Each structure stands twice: as structure tokens, then as C-alpha cells.
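Peer 1: here you go, sequence then predicted model.
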Amino acid sequence: MAETLTIGKALNLGLRRAMEDDAKVVLMGEDIGRLGGVFRITDGLQKDFGEDRVVDTPLAEAGILGTAVGLAMRGYRPVCEIQFDGFVFPAYNQIVTQVAKIHARSRGRLAMPIVIRIPFGGGIGAVEHHSESPEAYFAHTPGLKVVAVSNPVDAYWGIQQAIAHPDPIVFLEPKRRYWEKAEVDPDATPDPLFASRVVRGGDDVTVLAYGPMVKTALQAAEAAAEEGRSLEVVDLRTLSPLDLDPVFDSVRRTGRCVVVHEAAVTLGLGAEIAARVTEQCFHSLEAPVLRVGGYDTPYPPSKLEEEYLPDLDRVLDAVDRSMGF
């Protein structure tokens with residue numbers, strides 16, 4: 001039976017179901033046990049599954065991931081929570097030099113079924129290290145898969161699919177959307193994990209987004225409709241591998257494309273997507289692929305973050321510029 005859930009609760013129930021289905025699933029992270037994590041995503045899980053399966057770790061991200069590598073080698077499926085996006089960098093060495101490479105280094109003999117949960121993005125009134133968007137670092141790393149959910153349905157199913165997957169996955173959760181609600185049916189058939197999805201049809205401009213920016217793109221589409229413009233919104237859902245066939249199909253119809261993400265524009269995911277869309281859809285494009293993102297500065301103090309983050313007006317401005325060509 002379908003139930004209205006927030007993204008946070010959907011993740012909690014998805015983790016619970018994965019732990020019920022497989023005794024080798026182990027959760028690790030700072031304050032995830034008795035406290036249930038700073039966002040309460042793991043609330044109640046240590047009480048029900050015990051301290052051996054929901055492990056409160058020291059404040060040592062490199063240690064968390066190093067331990068997860070050993071557990072994965074021995075047949076476990078570790079799920080590591082990084083408390084905030086900016087805290088992942090002490091573990092970056094372990095992730096890119098060990099987690100991402102051991103499967104290839106061992107010629108396929110060793111699997112690394114590790115999920116690295118990272119709340120990412122801004123908009124919660126916090127400071128740097130609590131509001132960052134590090135996805136491009138991981139999408140650029142061969143051997144890692146990167147997923148970015150935007151809604152409770154994908155959160156519920158996606159975390160289970162990621163845990164069951166044989167490869168390491170960086171699982172990005174839009175922290176400012178944790179309280180967004182939607183109907184989730186635990187008996188439904190989920191979409192494939194590594195697939196993008198058209199979430200609103202349109203004819204004039206293709207708008208691509210992922211994670212927290214999907215809602216912003218949909219709001220922009222609503223506002224544009226009032227002015228007679230029809231925006232097609234695509235939720236990328238996965239950043240590595242990129243599923244761009246639906247994007248190419250859309251752009252060939254609309255002739256225009258705008259990519260939206262919170263991360264800084266320079267060398268962000270938008271640059272890669274713009275290159276691929278241009279390569280595949282060159283003769284269909286009526287305008288260059290435009291990007292809307294964060295500015296090329298460190299994340300600002302919280303009182304300035306609304307000036308930094310892409311919003312409805314900045315997306316609509318890009319749409320206007322695209323239509324102006």
C-alpha cells in the first residue's frame with residue numbers, strides 16, 4: 001500500500017528493508033546509531049539491528065572507508081554515511097585509490113559493494129563543509145558509480161538498489177529536500193537505478209537537473225508555462241554512468257538545452273553534458289547548450305547562500321537567452 005513519505009523517511013525504510021533482506025549489510029558512520037544521524041536517516045536502526053550492524057564510528061572518515069574496504073573484501077556490504085558533503089575529503093584518498101580501483105586491480109577477483117551516502121548541496125543555512133556539491137570529483141573517477149536522488153520514490157528504491165549492486169556507489173542525497181513528501185508504494189516495480197527520467201514533458205527547451213535542482217527546474221517550468229513556454233524537464237538521476245539517450249531524444253525535438261546544478265559551473269557536470277549533447281545533437285541545436293550553476297567561489301556565509309544558489313529566476317534567464325538565439 002502506498003504511503004506518503006519524506007525523502008528522509010524513505011531512505012530510512014529503504015535501509016531497513018535492505019538490512020532485513022541481507023544480513024551482510026552493515027551501516028557505519030558518525031552518530032548514526034543511538035542518535036540516528038544528524039538528519040535522523042538511520043533513526044531506530046541500531047535499536048532494531050544491534051551495534052554490530054549499525055556502527056557508531058570515530059570522527060575519522062578515512063578510517064570509515066578503510067574499514068569498509070576490508071569488510072567488502074570479506075563479503076559484507078558496508079553502507080558508509082558521510083555526515084556532511086565537505087567531510088568526505090579526509091576519505092577521498094581511500095575512495096579514489098582503493099574503493100574505486102580494487103576490483104580492476106584484482107582483475108575482478110575482489111568486489112567492492114560499498115555505498116557511500118553523502119548529504120550534499122546547500123540551502124539549509126549552514127556554512128562551508130556543510131553545503132558543498134562534490135559530485136564531479138567522483139563522477140570523474142573511473143570505478144565509481146554516482147547516483148543523485150531527488151524524490152522519496154527514488155530514495156526508497158535507489159538506496160536498496162545501490163546496496164544490492166556489486167560496484168561501489170557514491171549515493172548523493174539532497175539535504176535541503178529531506179523533508180519533501182511523495183507517495184511511495186513498496187510493492188511497485190522501481191525504475192532501473194542508472195536511468196534518467198523525463199519528469200515533465202515540453203516542446204521548447206530541454207532543462208536537465210539532478211538532486212536538489214530538479215524541484216527548481218520544475219518550478220521554472222511552471223512559471224514558464226504561464227508565459228506560454230513549454231519546458232521539458234529531465235531528472236538525470238545518475239551522474240556516472242550518464243544515461244543521456246532520453247536527453248538526446250529530447251534535445252533533437254526542442255533544439256535547446258539548459259543544464260542546472262548547484263556545483264560551480266567550471267568543470268561541473270554541465271560541461272560534460274554540454275559536450276556530449278553538442279556532439280550528438282549538433283545539427284538539431286538552435287542555440288548553444290547553456291549552464292546554470294554555483295559561482296566559482298567557495299560556498300558563502302549562510303546569509304548570502306540564496307544569492308549563490310541557482311534559483312527559478314536564473315533558470316528562466318537561461319531559458320530566455322536560449323530562446324533568443
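Peer 2: It's in. Residues are numbered from 1 along each chain as shown.
Peer 1: who's in contact with Val38?
Peer 2: Val38 makes contact with Asp31, Gln83, Phe84 under the criterion CB atoms under 8 Å, 6 or more residues apart in numbering. For glycine as for every other residue, the C-beta is placed from the backbone atoms N, C-alpha and C.
Peer 1: ok, it to Thr206 distance?
Peer 2: 36 Å (CB to CB, to the nearest Å).
Peer 1: just Ile124 next, same as before
Peer 2: Note on Ile124: its distance to Thr206, by CB to CB, is 29 Å.
Peer 1: who's more crowded, the two?
Peer 2: Thr206 (29 against 15; other CB atoms under 10 Å).
Peer 1: a strand runs through that one, doesn't it?
Peer 2: Yes - the assignment for Thr206 (DSSP: H, G, I helix; E, B strand; the rest coil) places it in a strand.
Peer 1: shouldn't it be in contact with Leu236?
Peer 2: No - in this structure, Thr206 is not within contact of Leu236 by CB atoms under 8 Å, at 11.6 Å.
Peer 1: hey, what's in contact with both of the two?
Peer 2: Val247.
Peer 1: residue boundaries of the strands in the protein?
Peer 2: 3-6, 25-29, 54-56, 77-81, 115-120, 145-148, 169-174, 181-184, 197-200, 205-209, 231-235, 238-240, 257-264, 290-294 (DSSP state E).
Peer 1: can I get the contacts of Val38 in CSV with neighbour count, pLDDT and distance to Ser196?
Peer 2: Converted to CSV, the contacts of Val38 look like this (neighbours: other CB atoms under 10 Å; pLDDT from 0 to 100; distance: CB to CB, whole Å):
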residue, neighbour count, pLDDT, distance to Ser196
Asp31, 15, 97, 34
Gln83, 21, 97, 29
Phe84, 20, 96, 27
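Peer 1: relative to Pro119, which of these is nearest.
Peer 2: Nearest to Pro119, judged by CB to CB, of the contacts of Val38 is Phe84 at 6.2 Å.
Peer 1: got a list of what the nearest residue to that closest one once chain neighbours are set aside touches?
Peer 2: In space, and not counting its chain neighbours, Phe84 is closest to His130: 4.6 Å by CB to CB, 6 or more residues apart in numbering. If a contact means CB under 8 Å, 6+ apart, then His130 has Phe84, Asp85, Gly86, Ile124 as its contacts.
Peer 1: so the third one touches Ala126, yeah?
Peer 2: No - the pair Gly86 and Ala126 fails to qualify as a contact (CB under 8 Å) at a distance of 9.5 Å.
Peer 1: which neighbours do those two share?
Peer 2: Counting by CB under 8 Å, 6+ apart, nothing touches both Gly86 and Ala126.
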